[in-house]
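Chemist: sequence and predicted structure below; questions after.
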Amino acid sequence: SLHAMHARVAAFYRGELSSVDDVVSDEFLAPDFTMVLPTGRPITRAEARTLFAPGGRMPPKNPGFNTEATDVQVLSSSADGTSVVVAFVERQSTGAKRFTTAVMVPASGSEGGRYVVRHMHESDAA
């Protein structure tokens, strides 16, 4: 689900999706979702909605934007959830590489093993 969420965010950046609900969704995010941005600023799910909303702080649409997972490492896994580190390379003018650490928990009411992101921390790679 982390890959699907990043694919959805990339489509949003390219202008293929326009609704905040396309990216800040119960399909991918736990109700108590939190995130630390690459700048070090922590945000809540409500603040994430504001970032993606029209007039928010997300960069302008970039039709060539893409992101690719180049490495996935499971840090821990139990019945309570899974922690992973994923390296993403953003395919745009900068080719920036970013690491995403995510804590994923079973989705509420999910009997099929579906997970949602409870916490995410993104950092730019040196």
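Modeler: In hand now; what should we look at?
Chemist: for the rest of this, base every contact and every neighbour count on C-alpha atoms.
Modeler: Noted.
Chemist: tell me where the chain has helices.
Modeler: Taking DSSP state H as the criterion, the chain carries its helices at 2-14, 45-52.
Chemist: need these in JSON lines with mean pLDDT, can you?
Modeler: Listed next are the helices of the chain as JSON lines, based on pLDDT from 0 to 100:
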{"stretch": "helix 2-14", "mean pLDDT": "83"}
{"stretch": "helix 45-52", "mean pLDDT": "89"}
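Chemist: could you pull out the buried residues of stretch 2-13?
Modeler: Of the residues in stretch 2-13, those with enough neighbours to count as buried (16 or more other Cα atoms under 10 Å) are L2, M5, H6, A7, R8, V9, A10, A11, F12, Y13.
Chemist: equivalent analysis for stretch 67-75, please.
Modeler: Buried positions in stretch 67-75, judged by neighbour count with 16+ other Cα under 10 Å: T67, E68, A69.
Chemist: that one: how far from the chain's middle?
Modeler: Going by Cα atoms, centre = their mean, to the nearest Å, the spacing between the C-alpha centre of stretch 67-75 and its chain's C-alpha centre is 12 Å.
Chemist: which residues of the protein fall in strands?
Modeler: Listed in chain order, the strands found in the chain under DSSP state E are 29-36, 42-44, 66-78, 81-91, 97-106, 115-124.
Chemist: what packs against the first one?
Modeler: To tie it back to what came earlier, the one meant is strand 29-36. Here strand 29-36 is seen to pack against strand 42-44, helix 45-52, strand 115-124 when contacts are counted using 3 or more Cα pairs under 8 Å, 6 or more residues apart in numbering; DSSP states H and E.
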